[in-house]
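A.B. asks: build me a structure from this.
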Amino acid sequence: MDLVEARSRFPILRERTYLFSGGHSPASSAARKAVQRLTDEWTYEIADLYGRLREEQDAVRGLFADLIGASTDEIAIVESTGMGSNLAVEMIEPRRGANVVFDEWSYPSSIYPWTLPERAHVERRFVPARDGLIEVDDLAEAIDDDTLAVSISHVTQGEGFRQDLGAVAEAAHEHGALLLVDAAQSAGAVQIDVHQQGVDFLAAGACKWLLGASGLAYFYANRRHLESAPPHAAAPGSAGSHHPAHSSAFEPKAGADRLQTGIPNLIGLAASRPGLEMLLAVGMDKVEQHVLDLSGYCVEGLRERGLEVLTPAEPERRGGVVAVVMEDALEAEAFMAERKVDVFGGHTYNSTLRVDPHVFNNRDDLDRFFEVLDEYLS
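C.D. replies: Sure thing, here's the model as predicted:
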């Protein structure tokens, strides 16, 4: 699939300039068709559908595994990025005297699980940014032999800064620490190879750059951690063999299957599968090249207008998120929305406007954004 065909599959672009894939991707025509297909089966062929629950789930697991360089048995379907982040933390023994390292932009759902009572004794270390960047050397300096994990966002939501996963993993593993990655703002926008880059755990929601639905996410755990970890919860869905309910016997399934505790979100799976198929059909190398071209074009245009851009210009240090300082970001967002240009006006960072171009966008979309931005600034 080429970029022109990918663009043609998003009906919203016939009416609006949509530039906020880091918040929620729009539904593609393929996703709409898949949801209708699932609804029809739910209505008329429910017995057959019930028999294919595992088939639907495993197909999506396999597609996401292919996208990030993992194996299907290392992927679990969960309900949110935050759920995946919590799962990763639960699978790490919180020994006394230990610490965990974050950077100052780590997402809250990566931090909060470490504040719960059973881990309150674990020291939390935050590495500050330097000149708008999180340097690997600064992270490495904070890591020692008592570090349990380094927990970071691959691409930060408020700045659009991209971490070098391989370099961070190397710094962590040198001291026996694990790398936990929130990939909500990177998976589907830039290439990831969890095995090659040394990632231990990764979580990403389907509804952003992965072109899927909300209420569904993907959790990756390297196989070596799954083999020794207890299941998330003892339930029929995670059992390798069934015993009478009154029996004390419970044998968890191998791999990430032990984390699947019940019936999957079939509508979410149906809506999310076409997005993964589209990204793989285009090729993540081409997707990343296109996204970096658009985000670079956006950064350049914003700087030409004298605005303070938080996102690095260097392509290896950014993904698709572009953040620019604007004290009146909410007003700018509303102004643009009235003119059918969709961006994000700092509901989390109140003085930041975000522009998130993706595979279905092109430079014409950004030129339209700049046209409306100039109108607003004037």
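
A.B. asks: could you use CA atoms for every contact and neighbour count after this?
C.D. replies: Noted.

A.B. asks: all strands of the stretch 1-150 of the chain, in order?
C.D. replies: Ranges of strands within the stretch 1-150 of the chain are 17-18, 75-78, 99-103, 123-127, 147-153, based on DSSP state E, counting those that start in this stretch.

A.B. asks: so for Ala167, which of these sits nearest?
C.D. replies: For Ala167, the closest of the strands of the stretch 1-150 of the chain is strand 147-153, at 11.9 Å, according to Cα to Cα.

A.B. asks: kindly calculate the angle that the closest one makes with strand 99-103.
C.D. replies: With axes from the mean of the first three to the mean of the last three Cα atoms, to 10 degrees as the basis, strand 147-153 and strand 99-103 are set at 20 degrees to each other.

A.B. asks: pull the CA atoms of whichever helix or strand comes after strand 147-153 into CSV?
C.D. replies: Proceeding C-terminally, strand 147-153 gives way to helix 165-173 as the next helix or strand, assigned by DSSP states H and E. Below are the C-alpha coordinates for helix 165-173, written out as CSV (Å, rounded to 0.1, in the frame of the first residue of the first chain):
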residue,chain,number,x,y,z
LEU,A,165,15.7,2.9,23.4
GLY,A,166,18.8,0.9,22.5
ALA,A,167,21.1,3.2,24.4
VAL,A,168,18.9,3.5,27.4
ALA,A,169,18.5,-0.3,27.5
GLU,A,170,22.3,-0.8,27.4
ALA,A,171,22.7,1.7,30.3
ALA,A,172,20.0,-0.1,32.3
HIS,A,173,21.1,-3.7,31.6
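
A.B. asks: Phe20 contacts Asp342, doesn't it?
C.D. replies: Yes. Using Cα atoms under 8 Å, Phe20 makes contact with Asp342 at a distance of 6.5 Å.

A.B. asks: sorry, back to before: Lys208: which of the strands of the stretch 1-150 of the chain is closest?
C.D. replies: Among those, the nearest to Lys208 by Cα to Cα is strand 17-18 (12.7 Å).

A.B. asks: the spatially most central residue of the chain and Ser214, how far apart?
C.D. replies: Nearest to the mean C-alpha position of the chain, by Cα atoms, centre = their mean, lies Ala184 at 1.9 Å. To Ser214, Ala184 is 12 Å away according to Cα to Cα, to the nearest Å.

A.B. asks: returning to that earlier point: quick check: phi and psi on the residue nearest to the centre of the chain?
C.D. replies: Here is the backbone geometry of Ala184 (degrees, to the nearest 10): phi -60, psi -30.

A.B. asks: and it, how far from Leu116?
C.D. replies: For Ala184, the distance to Leu116 equals 23 Å [Cα to Cα].

A.B. asks: ok, now Gly160?
C.D. replies: Here Gly160 is placed at a distance of 29 Å from Leu116 (Cα to Cα).
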